Each structure stands twice: as structure tokens, then as C-alpha cells.
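> For reference, the sequence and a predicted model appear below.
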Amino acid sequence: MRTADQIRQEFIDFFVRRHDHIYVPSSSVVPHDDPTLLFTNAGMNQFKPYFLGTRQPPWRRVANTQKCIRAGGKHNDLDDVGKDTYHHTFFEMLGNWSFGDYFKKEAIAWAWELLTEVWELDRRRLHVTVFEGDPDNHVPRDDEAAQYWRDVGVPDDHLHLGSKKDNFWEMGDTGPCGPCTEIHYDKTPDRRGRNLVNRGTPDVIEIWNLVFIQFNRNPDQSLTPLPAQHVDTGMGFERITAVLQGKESNYDTDLFAPLFEAIQRVTQAPPYAGRLDDLKDTAYRVIADHIRTLTFALTDGAVPSNEKRGYVLRSILRRAERYGRQYLGASGPFLADLVPTLVERMGHVFPELRRDPARVQAIIRSEEETFIRNFTRGVKLFQDVAEAARHTGSNVISGKAAFDLHTTYGFFVDITEQMAAEVGLKVDRREFQQLWHEFTERSSKDRKKFVVTAVQGTLPATDDSLKYETLRSPAQILGWVQENIVFSGGLVPHGRSVGLLLDRTCFYAEAGGQVGDSGIIVGGTGPFVVETTQKLGDAVLHIGYLPEGLLEVGQQVEAQVDAARRAEIMRHHTATHLLNLALRQVLGPHVEQKGSLVDEQKTRFDFAHDKPLTNDEILQIEQRVNEQIAADRPVVAVTLPLDQAKQITGVRAVFGEKYPDPVRVVLIGPEDPAAVTWNDSAEFCGGTHIARTSQAGLFKIVSQEAVGKGVRRVTGVSGRGALEAMQGMARILSQLAERLQCPVDQITARVEALQDELRKLHESRKKEQAGDLAAAIDRLLAEAPERDGARIIIGELPPTTMEQVRQQTDRLISKTGSCIVVLGWRDSEKAALRVVVTDKFTHRVHAGNLIKEIVAVVGGRGGGKPEKAEAGGPLADKLPEALALARRRVAEALGV
RNA sequence: GGGGCGGUAGCUCAGUUGGGAGAGCGCUGCAAUCGCACUGCAGAGGUCGAGGGUUCGACUCCCUUCCGCUCCA
């Protein structure tokens, strides 16, 4: 029997050796350069530019195996994984490719050759499909492909027509497309599967898809033939391995066996038995599949997080963890321990796995630990609500409880539902949906801001190239936007919030974290007040209002940016770049920008870092930024082709952001991109900056906080704000120094000494009082009358605290065994009372009720339980009176 | 940006309408043992995240804030 490794190799060798293909390694499973794509989900992802014609392919014929992940997004197989024999979130796609080289004839002939001659598959079990045609879109039936199949010997009763859904491939709404032909394998024992092709049964499965890219879909939906025709084929590696090894299930192949053994080893569960109706075996499949996805994704640089790609990975990890805990009896983290097995199994094909498996394991382990913590807490909450439900005789978990479990502990409803089902309960889905709806509604609505998202009418483009050069510029009014409607003629209305449109402007529109400019637009009889500036497409909206006067479309005006505010903004923006650099230098290379906000008061900077900054780190960072400011380095912007800009040493960009090509790069220090070193700041940035660093004046970090797991936020000030922040602190310090009568640099020591002194004083006073108190108590005890075996101890104590009296009453109880105690004393000018009644007498004297009555005498309130009570009041002089009342009441109660 | 939950001994966590801060594990000492483990006894260890407020009295209720987790946008 062939091993999986042999099968993969034979595929590659077949195309490379026999048919002159070039082997191209798999691209990363995390598409770092395509923000629209969560994961690489098909072999063609890395070759897309060649099909689109945006780049020339360096080779004509290629063969490869591509790492793919399908989870989250459109192709979401996540929920099916583990439940059947053939779904995976991670899989390999074998493919051979022609970029404008061979076409249908060769592709079909070679596919047949590989399957029937090299691999010697039974021809009688192979079926093929070809496109049936689509007259509405002028696409003919693919008779060509059908003929080539007949030529290699496929009989007509093994040739099927397929619909657009199965046999026509399109990249998107527009772009390259074409018919495809699929090869299916009949697994039925008697080879009677010809009517089961494309019926979604595991008995007859698609093993290879050959796509013939020959058309371009135009925006008007018409098709035109492409000048160069391409072939793109994809064969699911796990499937073909199962077929060639004669296995029912992909999971029965030697690709998964080592993983199952490892899972068994780390969980101590019974071995994998391959059953579909056993949740234990489902768990094995889920875990084996998911650990492949996690290991490959993390190896390629993805990180679990609470949004997007990272969130999908987190869900996958949790799903695996949950199956392991519930069905295999894993009690602690176990997924991380599976990584070495996978690296050993696949490292020779994907050497990147061997680069740093320890890092991958560390990430997985830490995720597992947080999940387990949450899971334990969530299970507890679940048990509470389940118990409560049973208690009320209901068999329904409320929607609110399910909602809380999701939003607090990340339990998806189906998890809650499953857990409920296991104990015979149901979940109120309707209530859940209702709450969920309100929740998402509120989350999305609660961000105010005047944001123009879509407009009716055509927006004229604005030339805003002046924003880097000047703060005043002549312009002509082209119109305005009001309540999402574009007006292009007439008089600008008074007092309403509108977005004024000009032909050119020097106003900076909000972008790249920098806030929009404010200012005025002068002309006619009154200035237009600009509160902020935003960009929509190529149009700049000067958002504000016209208080009075006349302003008309077509009029010549002058745009004047609020120069003082802009200056503060520019200081902060340049300071942000210096901060970014300093963070990396002080904390390490993992510091990646996650977002920023720059305005006239501050710079707020979010970055990847997983723990709070220490005081020392903050000091170092401030110091580095201020050194750069003091060095009075020039700040220059250069515009470069994107490819070239990416080559600049240590250049920084926000991950996931789309940058134009050419891109603007802001350099601090060197004026030539080639001269940039790791100690200089270079960032892709479209913002406005000061000309020299010294203009920032001063930089100070004022706060830091966590924004989410692994993301920290620091807020800093420069320019005037920094001065104010420093002065504010200096003022507080000098006030403290004055109050403490010591120099500023001794404040810490002085406070420590004071705290120490205070503590000692407290202790000695406590001791002193305790002595007095014990003596007083003993006196009271000596003269206490006895009634029915209980000592009745009522009296006043010297000034003390409740704490002390508690200890003394404990002593009394252990001494007397049975007693009724009413004590009063002064505590910082107020009267305090405590009543204690031992068990046997609580039905005759209720401590709580008694104290309520007697505390009224000293003008206070209090309460407690039958056996003990505490109270206090302001009229300390009336204490004897209160105690006298207590004596009477106790005497009455005991029938004296 | 908006919401939910949590922060109590070195660790994991209890703490029930506001009325003496606890358990388990760990730690120290003693006993027992040739020694270790186990066991028994004793003990140390807490600004109940921080700061305000309400109250005679706050771990508990209210506000602010920090830290962690989580969901949505």
C-alpha cells in the first residue's frame, strides 16, 4: 500500500518529471497581503495575479501542494468537521497549473494517465462530468472536454453533464472564469454509483477538479474569450489518499493515525475506533483536524484573538478543547502536546513547521489555559441556572441565561443547548434571539459621530494636495452635502450641519488616525465654520455650519485651517512616530501598531504587547522620544513605489491596512530612504508632520490601559499639553512637599515613615486598650448575677473598638458557656453597643430586637441576629441609661 | 466605540437580604520515622484590586478608576 507521503510525491513527480512542470512550494496559509481573505482556501490563491494578468508568471507549468484552511467566512466547514468521514478545516490541495501553456487536451490526458496508469485505479469506478452549457449567458456545452475524455477511453455511460453550480468556475462577479470537468470515484461495492455523481454521498466522491480558464466576465455580465488560456486543477490530497489506500474515511489513512495515537497518549482515552456514531471518535477527528489547522496557521504567523482571523482560530481551539474535555476525559491543556507529533509527521513536506514549534506550543497552551478557566466558570453558571430551572419545575433554560453564557464566557448557544440536552433541558431560543438582536443593535448604534457613509448624487473630487504645504488656500465652492444628499447649486443654508465641497483645499481630512482639521472658509459676507474634515471617496467634506451671511455655489473663497490646532496635531503626530519607534526599541520587535488616534490634545497609540508597561519601561520610552526631539532631526516625506518602500530598513506600517502604490513614507532623521537604520523612524503615513522634531517640544506618557488580550494602549502628550501635564504634576508634588515639610525627593521616604509610625501606634494602642478591657470585663463578670445557668453580664466598658469587644465577648462565651451579654462603650465620641445571647436563651432574649430598643436611647440604630447584634449612636452620655433599660428588659424576659 | 462577568491567603476558589474573613492545596515548626512519603498537632500568611460615598456598621449597596476575561460593532 502506498503511504500518503508516496502519493503526494508521486503526484508531484508525475508532473515535474514526466511533463516538465516546476514544483512551487505552498504559499502561507495566512494571506498576509490579502485582507479580504481569512485564510488561503484554494491552490489558486497564490497564482491569482497571473490569471488576472496583473503580473507575468515566471513559469508556464507548475505543480504543487497547497496548505488550505476552510473555516469562517463563505466556505465554512467548521461545524461539519468530525461528524463525517471527509470534512476538514485544514487540508492539502494538489494541483497542476498551466499559465497560458497547455489546455484541455493535455490536462485531461495527463489526469487520466496518472489515475489509471500510475496509480492503477479501476477505470470502471471513475466517472467524469463536463459543463452542460448555459444558453442564457452564451456559454456553449463543453463538447471539447467531453471529446478528450472519449479519446482517452471514457465510455459514454461514465460521462455526465453538470450544471453551472458544479461545472462552471468564477473567481468573482467579474474576471477570469471558465468551465470545469470533475473526476468522481465510485466506492460502492458493486460499482453501481453512476447515478450518485454529485449527489453529496460519501459513496461517490469528487476527487479532482480541472478548471479551464478561457473567458473573462465583463462588468455587463457578458463573456469574452481570454487571449491566454489557463488550467487550474485541484485534487483533495486527503481524499485521494483514502481512495488509494482503500479506506472508507480520510481519517483512516496514515495521515491521521499518528495524530490519533498522540491524542490517545495525552488524554488517556480509549483508542480511536473509527465509528461515526460514537462521540468519542468524533472528538478524535475534531481534535486531529483542528490541531492541524492551528499548528499551520500559527506557524504562518496568525495569532488567536477576539476578532476576524484570530477569532476563527480561537473558536477552533475551543471547539477542540471542549471535545477533548467532554468526550476524551482530558482534564488540563493537551492540544499543545500534539504539536510535536504533527511537526514530525509533516515537517519534511512543510519545513516551516520546524522553524519554531516551541512558540506555537506556547501560544496554544496559553490559549488553552484561559479557555479552561472560562469554561470552568461557565459550567458553574450553567449548573446554577440548570438547578434553578429544575427547582421551579421547568425544563427550560432561559434565553437570558444562554445569552449571559455567550457574552460572558463565550459559550455559543449550540454549546449551551448541547449541555442542556445532556441533562434533559431545553433552551429558550426565542428569548435568546430577542436579546441577541437588541445587543447587536445597541453595539452598532452607540457610536455617534457625524459620519457620511453613502450619499445620493455625484460627489466631485477635491484636490487636497495642498494639505502638506499650506494652511490657507483659495478655492471655489462646488456644493455641499446635507443629510446624505449632494447639492450642487444655490445658497448654503444657515445653521445646519453640512459638508461643504470645494474644488481644492488645504484642510486635512481624517485619516490614518489623525483627526480632521477645523478652521474657517472665508468669502462673501460671512465665514463658514469648519468643525472637522472628512473624506468620502475622493471628495473632502468640510463639515460645519454657516452662522450667518451668504455663501453660494460657484463663489471664490479662502480656506483657512485653524493653524494653532493644526500645529498641536502635527506635534502629536510626529511624536506618535517617535513613540512607535521607542516602543519597539524598549519592548521588542513584537510591538506592532494596532491603531492610533492623534488630535490636538494627545496621541493615543494601540500596540501588540501582552502585559502592562513597568514604570521603568515608561521612563525609557519617554527618554528615547525626548532624545529624538532634542536632536532636532528633520522630518521628511518621500513617495516611493510600494515594493521599494517595503524594503526600507525597519519600516513600519499598520498590518491589514491598504496602502496606495506609490506610497508616502515619513522619515525622521535621514532624508534618503536608503540611509534609514533601525534607530530611525520610517512609517507609511499620509498625515501631516512638523518639519523638525524639536518642534514637538516635549513628550510625556500620561496613561496606559489594556484594550483587549495582547493589546495595550498608551496615551501621550507633547507640545503645550506636555508642559501642562508636567506643571500639573509639579504642582501636586510641591503641595505635598509643603504639607510634609520635606524636600520633594524625600516625599516617598517620608510617607513610608508616616505609614509605619501609624501602624505601630495602632498596635500599641490596641494592646493598651486590650489590657484595660480585659480587666473591666473580668470585673463585670465577677459581679454578674446568674439565672437558669446563664450569667447576665451588663455594663459599660472603657473607650475601645468593636473589634476588641468581639474578642472579649468570645472570651466570655467560652468562660461561662451560657450567658447574656450587653456591653456599651465609647468609640470616637460615639456610643457603641453589643449584645450577645447564647443559643439556649435566644427564644427569651432576641439580641437583635433588644439592641434596637436600647440603641434608641443613644439616638442611633443597629441590628443583628438572635444570638448577636451590634449598634451605635451619637449620644454617648446616655449610655448608662441605655444599659439600665437593657437590665430591665433582660430581667423581665427571664421572669425575675 | 458599546455591553456582560470577574479581582478575597503563595495557588484554586467559597462567603445566602449589610452585623466576628473561610476551605482545599502549598508553606513553617513539632511529633512519629534510620531517612523520605503518608499521618497527627500547632502556626505563619489578608490594606477582601484602588479611591470616594451611603450607614451606628461595608468583602457585601452606590459612584469613579485600574487590571483580567468575554461578546458585539
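Received it, and whenever you're ready, just let me know what you need. Numbers count the residues shown, from 1 in each chain, chains lettered A, B, ... in the order given.

> how about the strands in the stretch 601-750 of chain A?
Assigned by DSSP state E, counting those that start in this stretch, the strands in the stretch 601-750 of chain A fall at A:603-608, A:635-640, A:663-668, A:681-684, A:699-708, A:711-718.

> quick one, which of these is packed in tightest?
Highest mean neighbour count among the strands of the stretch 601-750 of chain A (mean count of other CB atoms under 10 Å): strand A:681-684, with a mean of 24. (Each C-beta comes from the backbone N, C-alpha and C, glycine too.)

> what's the model's confidence in that strand, averaged?
For strand A:681-684, mean pLDDT is 90.

> Convert the C-alpha atoms of that strand to PDB, please.
Extracted in PDB, the C-alpha atoms of strand A:681-684 (Å, rounded to 0.1, in the frame of the first residue of the first chain):
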ATOM      1  CA  SER A 681      11.700  56.100  12.300                       C
ATOM      2  CA  ALA A 682      10.200  55.300   8.900                       C
ATOM      3  CA  GLU A 683       6.500  54.800   8.500                       C
ATOM      4  CA  PHE A 684       3.900  54.600   5.800                       C
END
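
> Quick one: list the elements packing against that strand.
On a contact count with 3 or more CB pairs under 8 Å, 6 or more residues apart in numbering; DSSP states H and E, strand A:681-684 meets helix A:563-587, strand A:663-668.

> Need those in CSV (columns: distance to RNA strand B).
Shown next, in CSV, are these (distance: least, CB to the nearest atom of the strand, whole Å):
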stretch, distance to RNA strand B
helix A:563-587, 14
strand A:663-668, 24
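
> okay, those in CSV with mean pLDDT and distance to A:Asp220 next?
Listed next are the helices and strands packed on strand A:681-684 as CSV, based on pLDDT from 0 to 100; distance: least, CB to CB, whole Å:
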stretch, mean pLDDT, distance to A:Asp220
helix A:563-587, 91, 45
strand A:663-668, 92, 33
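
> could I get those as JSON lines with distance to A:His846?
Below are the helices and strands packed on strand A:681-684 laid out as JSON lines (distance: least, CB to CB, whole Å):
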{"stretch": "helix A:563-587", "distance to A:His846": "63"}
{"stretch": "strand A:663-668", "distance to A:His846": "78"}
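
> and the ones you listed, which is most packed in?
Highest mean neighbour count among those (mean count of other CB under 10 Å): helix A:563-587, a mean of 23.

> hey, least reliable of the strands of the stretch 601-750 of chain A by pLDDT?
Confidence, taken as mean pLDDT, is least for strand A:699-708 of the strands of the stretch 601-750 of chain A (a mean of 79).

> just checking, A:Val855 touches A:Ala882?
Yes: the pair A:Val855 and A:Ala882 qualifies as a contact (CB atoms under 8 Å) at a distance of 7.0 Å.

> Find the residues that touch each one of the two.
Shared contacts of A:Val855 and A:Ala882 (CB atoms under 8 Å, 6 or more residues apart in numbering): A:Leu833.

> got the end-to-end distance for stretch A:531-546?
11 Å (CA to CA, to the nearest Å).

> Buried residues, that stretch. List them.
Across stretch A:531-546, burial judged by 16 or more other CB atoms under 10 Å covers A:532-536, A:539-546.

> Tell me the one of these nearest A:Glu469?
Of all the buried residues of stretch A:531-546, A:Glu469 sits closest to A:Val540, with 15.1 Å by CB to CB.

> wait, is the closest one part of a strand?
Yes: judged by DSSP: H, G, I helix; E, B strand; the rest coil, A:Val540 forms part of a strand.

> what's it in contact with, if anything?
Contacts of A:Val540 were listed using CB under 8 Å, 6+ apart, and they are A:462, A:464, A:501-502, A:505, A:507, A:509, A:533-534.

> A:Val339 too?
Taking CB under 8 Å, 6+ apart as the criterion, A:Val339 is in contact with A:291, A:295, A:357, A:360-361, A:364.

> mind redoing it with 6 Å?
Contacts here follow CB atoms under 6 Å, 6 or more residues apart in numbering; on that basis A:Val339 touches A:295, A:357, A:360-361.

> Over to A:Lys105?
Residues in contact with A:Lys105 (CB under 6 Å, 6+ apart) are A:Tyr148.

> how much space is there between it and RNA strand B?
Look at A:Lys105 and RNA strand B: by CB to the nearest atom of the strand, to the nearest Å, they are 49 Å apart.

> What pLDDT does the model give that residue?
pLDDT for A:Lys105: 93.

> SS state for it?
Under three-state DSSP, A:Lys105 comes out as helix.

> Quick one: classify the one residue in the stretch 201-350 of chain A that gets nearest to RNA strand B as helix, strand or coil.
Proximity of the stretch 201-350 of chain A to RNA strand B (CB to the nearest atom of the strand) peaks at A:Asn306, 4.1 Å away. At A:Asn306 the chain is in coil, as set by three-state DSSP.

> ditto for A:Ala63
strand.

> Excluding chain neighbours, give the residue nearest to it in space.
Spatial nearest neighbour of A:Ala63, excluding adjacent residues (CB to CB, 6 or more residues apart in numbering): A:Phe15 at 3.8 Å.

> Looks like the one you found contacts A:Val62 (just checking).
No: in this structure A:Phe15 lies outside contact range of A:Val62 using CB atoms under 6 Å: 8.4 Å.

> Farthest pair within the contacts of A:Val540?
Spanning the widest gap among these are A:Leu502 and A:Gln534, at 13.5 Å by CB to CB.

> Look up how far A:Glu367 lies from whichever residue of the stretch 501-650 of chain A sits closest to RNA strand B.
Among the residues of the stretch 501-650 of chain A, A:Pro612 lies nearest to RNA strand B; the distance is 5.1 Å by CB to the nearest atom of the strand. From A:Pro612 over to A:Glu367 the distance is 20 Å, taken as CB to CB, to the nearest Å.

> Tell me which residue is most central in chain A.
Among the residues of chain A, the one closest to the centroid is A:Asn306, at 2.0 Å (CA atoms, centre = their mean).

> Who wins on neighbours among the contacts of A:Val540?
Most neighbours among the contacts of A:Val540, by other CB atoms under 10 Å: A:Phe507, with 31 neighbours.

> other SSEs contacting the helix or strand encompassing A:Leu812?
In the assignment (DSSP states H and E), A:Leu812 maps to helix A:802-816. Counting by 3 or more CB pairs under 6 Å, 6 or more residues apart in numbering; DSSP states H and E, the packing neighbours recorded for helix A:802-816 are helix A:747-782, strand A:819-827.
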